[in-house]
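S.K.: Quick one, what's the 3D model for this:
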Amino acid sequence: MNENRARVRLTSGYVGVFALMFLFLGLVAVFGFSRALVIQQDELLTQEARNTTKNLLEGGESEVLATNSDEFGWIALEPDGDVMDRNWTTRSLGLPDEDLFEETLQKEEIVPDTVRGKDGAARVVSMPMYDDSDELVGVMQYARSLQRVRSTVNELVLVLLPLGIGGLGLAAIGGAYMAGWARRPVREAFERQRAFIADASHELKTPLTLIRADTEVLRRGLDDPDDRELTDDVLVETDRMSNILSDLLLTARLDAGKLPVDEEDFDLVPVVLDATDRFGKRSASRDLRLEIDEPPDGLMVRGDPARTGQVLGVLLDNALAHTPPESGVTVAARLRDDLVETVVRDTGPGIPSEHLPRVFERFYRVDKARSRAGGGTGLGLSIARELARAQGGDLGAENAEGGGALFRLALPRAAGPRRAKG
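M.R.: Numbers count the residues shown, from 1 in each chain. You can find the predicted model right below:
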């Protein structure tokens, strides 16, 4: 399942990069095409303005596009702003435009711009008019509605859109293939590493067992307190190494999906009581209170009772290790929607906020010095979460109100008995 999630993430990344590239190129294409159309419009309107000016001042007979057209329009203004002549579409196209008129008189050059008329936006070219003696006699403003230009741009967008959707589909297919191909060497290396860890952990178990047995025999024959203390240290470190190897072997089996996890309906209450009984003597020896809130009867869950007890053992061990003397650890089980939730809360210092998102990472320790001194491997909480998820549940951590850490083990409720039909 982790491999599938990684492949989905890689494929999503490929598709996301392609989508961003296509969006960028599409915007550039649409903007460039729109700009080219505007430049083309300005050139056309400039030529039409010259022809209309020639017809008006020199009595020419050049054909212009504004004749009998509601798409084009023109107006000729005298230097004082009075209308010299116009066609019938000027007001619908936003003519005359006073700002363009003033700018044209001031610069005495062609000024293009987009204006807003009654029927929408229009492109306007404002051009000074000169007589035969090169004296400025007025301003010609020639306009064209941008509806057709925008319709052309919209047609381009409609062409690019299905191409983009098709490209995203091909990118998803290609991305899925590339993700699988790219992960193949990593997967093979990971498989070899996982097999090595499992084999090494299994093979080292036997010599550690022999070392412990020989050390115990040796210890019984020693009279010197210093020598006995030395053998005690060997036994402690041997047990610690054995615990590490057990956790590594269990982790390798979880990664390989070869750890047997039963799926059956069982009552959670006896499992919780058994787990707390196992840690009762340890809590009493450290002057700690291990309390159980009265659970409701018949908390039926779906999962593996042995693995659930293993998860609770990790949580209780962690809670007792981080709870100061004369304090307590509380265990509670309750229904919550479609889940059965077991909460283990300690009264220790809690988990610093910067460490909280990482407490379930492998080999991660919030307090490295104390964890090593207590024999922790840094794998317990990670294994506990994987075991919870293997049963269709989950394990979360948070800081409790009033202090202390709080772990929530959620397992799916068992399906109730089905009623017979009829």
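
S.K.: Every contact and neighbour count from this point should use C-alpha atoms.
M.R.: OK.

S.K.: where along the stretch 1-150 of the chain do the helices fall?
M.R.: Per DSSP state H, counting those that start in this stretch, the stretch 1-150 of the chain carries helices over the ranges 2-58, 98-107, 147-220.

S.K.: Next, format these as CSV and append mean neighbour count, mean pLDDT and distance to Leu268.
M.R.: Formatted as CSV, the helices of the stretch 1-150 of the chain follow (neighbours: other C-alpha atoms under 10 Å; pLDDT from 0 to 100; distance: least, C-alpha to C-alpha, whole Å):
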stretch, mean neighbour count, mean pLDDT, distance to Leu268
helix 2-58, 16, 85, 28
helix 98-107, 15, 92, 82
helix 147-220, 15, 77, 31
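
S.K.: Save these as TSV, and put in distance to Asp247 too.
M.R.: What follows is the helices of the stretch 1-150 of the chain, written out as TSV (distance: least, C-alpha to C-alpha, whole Å):
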stretch	distance to Asp247
helix 2-58	19
helix 98-107	80
helix 147-220	9
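
S.K.: Of all those helices, which one comes closest to Asp119?
M.R.: helix 147-220 (9.1 Å; C-alpha to C-alpha).

S.K.: The following helix or strand past the closest one packs against which elements?
M.R.: Using DSSP states H and E, the helix or strand that directly follows helix 147-220 along the chain is helix 225-256. Counting contacts by 3 or more C-alpha pairs under 8 Å, 6 or more residues apart in numbering; DSSP states H and E, helix 225-256 is packed against helix 147-220, helix 380-390.

S.K.: what angle do the last one and helix 225-256 make?
M.R.: Here helix 380-390 runs at 30 degrees with respect to helix 225-256, directions being taken by axes from the mean of the first three to the mean of the last three C-alpha atoms, to 10 degrees.

S.K.: Now do the next helix or strand after helix 380-390 and helix 380-390, the angle between them.
M.R.: On the C-terminal side of helix 380-390, the closest following helix or strand by DSSP H and E is strand 394-399. On the basis of the same axes, to 10 degrees, strand 394-399 is oriented at 140 degrees to helix 380-390.

S.K.: How about residues contacting strand 394-399?
M.R.: 350-351, 356, 359, 384-385, 388-389, 405-411 (C-alpha atoms under 8 Å, 6 or more residues apart in numbering).

S.K.: And the average pLDDT for the next helix or strand after that strand is what?
M.R.: Downstream of strand 394-399, the first helix or strand assigned by DSSP H and E is strand 405-412. For strand 405-412, mean pLDDT rounds to 93.

S.K.: What residues sit buried inside strand 405-412?
M.R.: Residues of strand 405-412 classed as buried by neighbour count (16 or more other C-alpha atoms under 10 Å): 405-412.

S.K.: Please save the CA atoms from it in PDB.
M.R.: C-alpha atoms of strand 405-412 as PDB (Å, rounded to 0.1, in the frame of the first residue of the first chain):
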ATOM      1  CA  ALA A 405       0.800  13.000  26.400                       C
ATOM      2  CA  LEU A 406      -2.300  11.300  25.100                       C
ATOM      3  CA  PHE A 407      -2.400   8.500  22.600                       C
ATOM      4  CA  ARG A 408      -5.600   7.400  20.800                       C
ATOM      5  CA  LEU A 409      -5.900   3.900  19.400                       C
ATOM      6  CA  ALA A 410      -8.900   3.600  17.100                       C
ATOM      7  CA  LEU A 411     -10.200   0.300  15.800                       C
ATOM      8  CA  PRO A 412     -13.200  -0.400  13.600                       C
END
